[in-house]
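S.K.: the sequence and its predicted three-dimensional model are supplied below.
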Amino acid sequence: MNVLPPGAAMNVLLTIAMSVALAPALQGLIKSAKGRLQFRKGPPILQSYADLWKLARKGSVVPESATWVFRFAPWVVFASTLTAAGTVPLVWADGAGYGDAIAFGGLLALGRAALALAAIDAVSNFTSMGASRDLAISAFVEPALLALLFALAIPTGSTDFGAIAATRGDLGFGSLGPASILAFAAIIIVALAETGRLPLDNPDTHLELTMVHEGMLLEYSGRPFALLVLASHVKQFAVLGLVVSLFLPWTLADFGIGIPIALLLLIAKMAVLGLALAVIETLNAKLRILKVPDLLATAAVLGGLSIVARSAFGG
Amino acid sequence: MEKHTLALSVAILFGLPWWFVLAGCLCAVLSGRPRASRIVGYGAGLLGGFAAILCATDVLRNDLSGTVTLFYTTPILPFGLRVDVVAASFALTFGIATTIVCLAALGFARAFDANAGSRLASLFSFFLGAMLLVILAEGVFSFLISWELMSLLGYFLIVHHHERSEVRQAGFLYLMMAHSATALIVAGMFTISAHAGGALSFASLAEVAPAMPELLRGLLFVAFAIGFATKAGLAPFHIWMPRAESLAPAHVGAIMSGATINVALYGLVRMGFDVLGPGPQWWGWTLIALGALSAVTGVVYAVLERDLLRLLAFSSVENMGIIVIGLGAALVLRSNGMAVAAGLALIAALVHMTNHAIFKSALFLGAGAVDQTTGTRDIEQLGGLARRMPVTSACVLIASLAAAALPPLNGFVGEWFLFQSLLSVGRVGGVGLSAVGASAVAALMALAGGLAVLAFVKAYGLSYLGRPRTVAAGEAVEASRWVRLSLVLAAVACLILGILPGTLVNVLRTTARIVGTDSGTTFAMTGGVIALGAPMQTGRLTTYVPILSIAVALILGGSVWLIFRALGSVPRRIGPIWVCGFDFEMPMQYSSAGFAEPVRLFFRSILRPSRSATSSGGMLPYFPARLRPRGHVLALAEHHIYIPLLHALRHGARRFSIVQNGDLRAYLAYLFVTLIVLLWALR
């Protein structure tokens, strides 16, 4: 029985390659825009590539007590995050063929668990604190993600990102009803949390007590660190890519605009979203960690309201 | 014996309980020789469990069935056995858990050789036999006899360390809860039996039950749901489980978490699904609500727990909840005539149950091995075991990741299916109330999943990784050969059933028949591929193909590895960690309480955490030499339900004690009045 759409494997690898190629640029764009907004000169947009290149040629230091878990974890994080990125429809709405939204969430969770175990393995209390906070926050991100996913998936009847995008794309601008706007608000909050950005986590600080995701990376250096940094760039790209392809699905190649234009549109959409993130980060301070569940619960409720709105108004 | 011939696998299944009973008797005979009885008891259990797997698989694949009357206790009370696909699916899980646990127990139970090991092995074998008898029972009579045997034998296994008072308390609580549950079940079964003119076989009950009054059927469903939920350890009826399973010997905890609580689910499926017949929607929603409550409560307490075995027992509460959500979804979908989706939901629940049995029995055995070598199961006193116990550690890691429902392991498969089932529930009757309900439940399940990751990262990371927190942990030795063999077997099963999810699904798919159908074209599986047809998008399938994603992951990892190789090798040295420029000291290592702190605070309005510290030594009160902080959280079920219930009972009893005035004349008057009433009533 052939259940996989022909060419799916190729599409997946292309999607991943695109994410890897463009993700550092997105990170660079956000950083440089943030710099400008804060009246300082940010790093150049291409700085992230240079950083990765530098790290890939550097040696690394491993903590004394670390076991194979610490050494193996970056590979798991890297592979699982990139595999998850392969399920996101960036240019065309074909599903990945090997996984849907649930698998996407599961793969990201696998990477998170591997990193958290490595953080404990390093014995550092900073890394362990990061792990404890990251896992606790993610435990509240997941319900928000699922509520919002169900808001989109129930009308489609499938949890496949490609299928959801295709169904919504067929609606054209009709897919921008009240229900979608509520779901969009929810997905923005979820995206901020998943990508470890303000107001939930501060990606820039190196003050150990305030960071969450960065905290877990503290004991990594050199090549393993490069893998982890690239993985977190790709995760950010994939999550934001999901936002644009689920809410502006008719800009995908399937809707009669061809692959080159869809690719250009993708870059444009991601750039706009990246700039928006920079603005959000500049305008907000980090939330107290105790307030984080409130924000995420808001996202879950918005997802639920979106379902109610859909049964009331359609769209 | 009936006239028709039985298939070989059905006949073997009917014989298996007696095989376990025989082994139990032999163990009892060998009571002076613990080593011999250990080998006989657990060896027979291992063979029996393996035979159960083979036979149950055969029954499921070929859709076999059979009934046999073994003997008549009185001319009207036949003790009969029956096998059909439902019984076989639970026998399969039973067989898997039994195989894993007995294999390990061959070595693990050596610690009990000097401590009534023969008694333990003998009771264990009888217990296995009783569980299988419950699954194979053909009617009310054989079911209840076996059920009661199972409960009582379970009690004796739990109180193996009866010299400790907390063990006796846990055992008593278990007995209380088990018998309250049995009371409900007995009442329910005999009510249906009375409507069937005293017939006792499930087949004849199933003929009359659907025609009974709607209200009565609803009441019966609730009675069965509460009764079996209590025995399955669903919140808020779970209070016995963390106590009993953690204080019993670890292989007993393993078989209880891996098999016994599933037997309770069997009762729920047999009575609630099969005998009572199709019911209104609220039956399903009741189960879904119960399951969601269990899933979240169980996992929150698992996160906060520092005793490894209690943590695992709370995780069982969570997983039972997730399975029951699936069962509830199957009922909701059946009530709405969505036969294919209903069948799929039931399969989802059974798949998760089987997978849970595998990883949970492995985790219990691993924790038991840690307990045996270090003398503690307190996470705060472990650490660094991965270096001392490499094989156990690797297997427990795989099982922990499976328990955290992470791909590509088997724990994820069931959850993936259950989310798909909830999606179908959300589509019941257009997009409306059920959509909101299904999304809320999906969100709660996701919350439970996220917290399960935290719980198992904590349990594994703090006990096996890092540095040993105590001398005992630093001197731990690898588990015995049998335990390692069993753990490797379980870990391989977790991997294979995770990577090739279709295999288990294909074995279990015949069970879909009791709530719907498995013949729909909208879902199809092969070994490695699971694909569901989306109702609206006929051309598109929702797929989960772990083998492909692993291939992609390997390609990605491999290409980076090649890039790194092309760039040339770089030095890797070992160095100290960053602790703000100070030297590392052991108390700096993170603690279990610290790791769970964010969750404790996030749930503060429900759990009402409090802290206290006892200081000692030095110059009190201002300069103590030692400070022992203690954190407390509210035990919700106990605080809100059981303690008030107990108070009410006591209060009521005191009110009623007026009757007990100690005056002989009053008692004679009671007798007289009772006699008059009886004579009048039976005139």
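M.R.: Arrived safely.

S.K.: could you find the closest non-adjacent residue to the residue of chain B found nearest chain A?
M.R.: Distances from chain B to chain A, computed as Cβ to the nearest Cβ, single out B:Gly450 as the nearest residue at 3.1 Å. The C-beta positions use only the backbone N, C-alpha and C, and glycine is treated the same way. For B:Gly450, ignoring the flanking residues on the chain, the nearest one in space by Cβ to Cβ, 6 or more residues apart in numbering or on different chains is A:Ala139 at 3.1 Å.

S.K.: now swap in B:Met389 and tell me
M.R.: Take B:Met389 and drop its neighbours on the chain: the residue closest to it by Cβ to Cβ, 6+ apart is B:Glu478, 4.8 Å away.

S.K.: so the one you found, which state does it fall into?
M.R.: On the three-state scheme (DSSP: H, G, I helix; E, B strand; the rest coil), B:Glu478 is labelled coil.

S.K.: now do the same contact list for residue 80.
M.R.: As the question left the chain open, I've gone with chain A. Contacts for A:Ser80 were tallied using Cβ atoms under 8 Å, 6 or more residues apart in numbering or on different chains; they are A:107-108, A:110-111, A:114, B:553.

S.K.: right idea, wrong chain: chain B
M.R.: Neighbouring residues of B:Gly80 by Cβ under 8 Å, 6+ apart: B:67-70, B:137-139, B:142, B:201.

S.K.: so where's chain B shaky on pLDDT?
M.R.: Counting by pLDDT under 70, the ranges of chain B that qualify are B:1-4, B:430-431, B:518-529, B:531, B:533-541.

S.K.: output the longest helix belonging to it.
M.R.: Taking DSSP state H as the assignment, the helix of chain B that covers the most residues is helix B:339-374.

S.K.: list the buried residues of it.
M.R.: For helix B:339-374, a neighbour-count test (16 or more other Cβ atoms under 10 Å in any protein chain shown) marks B:339-374 as buried.

S.K.: check whether the helix or strand just after that helix contacts chain A.
M.R.: Following helix B:339-374 in sequence order, the next helix or strand is helix B:385-388 (DSSP states H and E). Yes - using Cβ under 8 Å from any Cβ of the partner chain, a contact is recorded between helix B:385-388 and chain A, made by B:386-387.

S.K.: buried residues in helix B:385-388?
M.R.: Along helix B:385-388, the positions that meet the burial threshold by neighbour count (16+ other Cβ under 10 Å) are B:385-386, B:388.

S.K.: try stretch A:53-64
M.R.: Buried residues in stretch A:53-64, defined by neighbour count with 16+ other Cβ under 10 Å: A:55-56, A:60-63.

S.K.: just put those in JSON lines and tack on secondary structure and pLDDT.
M.R.: Conversion of the buried residues of stretch A:53-64 to JSON lines gives the following (DSSP: H, G, I helix; E, B strand; the rest coil; pLDDT from 0 to 100):
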{"residue": "A:Leu55", "secondary structure": "helix", "pLDDT": "92"}
{"residue": "A:Ala56", "secondary structure": "helix", "pLDDT": "91"}
{"residue": "A:Ser60", "secondary structure": "strand", "pLDDT": "91"}
{"residue": "A:Val61", "secondary structure": "strand", "pLDDT": "92"}
{"residue": "A:Val62", "secondary structure": "strand", "pLDDT": "91"}
{"residue": "A:Pro63", "secondary structure": "strand", "pLDDT": "90"}
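
S.K.: which of the contacts of B:Gly80 sits closest to B:Ile261?
M.R.: B:Ala137 (17.4 Å; Cβ to Cβ).

S.K.: please tell me I have it right and the closest one contacts B:Glu148.
M.R.: No - under the contact definition of Cβ atoms under 8 Å, B:Ala137 does not touch B:Glu148, with a separation of 11.6 Å.

S.K.: the two: which has the busier surroundings?
M.R.: B:Ala137 (25 against 16; other Cβ atoms under 10 Å in any protein chain shown).

S.K.: what is the neighbour count of B:Thr297?
M.R.: Residue neighbour count, defined by other Cβ under 10 Å, stands at 22 for B:Thr297.

S.K.: in three-state terms, label the closest residue to chain B within the stretch 151-300 of chain A for me.
M.R.: Each residue of the stretch 151-300 of chain A has a distance to chain B, by Cβ to the nearest Cβ, and the smallest belongs to A:Ser158, at 3.5 Å. Classification of A:Ser158 using three-state DSSP returns coil.

S.K.: can you pull the phi and psi angles for it?
M.R.: phi -150, psi 150 (degrees, to the nearest 10).

S.K.: neighbours of A:Phe70, how many?
M.R.: For A:Phe70, the neighbour count with other Cβ under 10 Å is 23.
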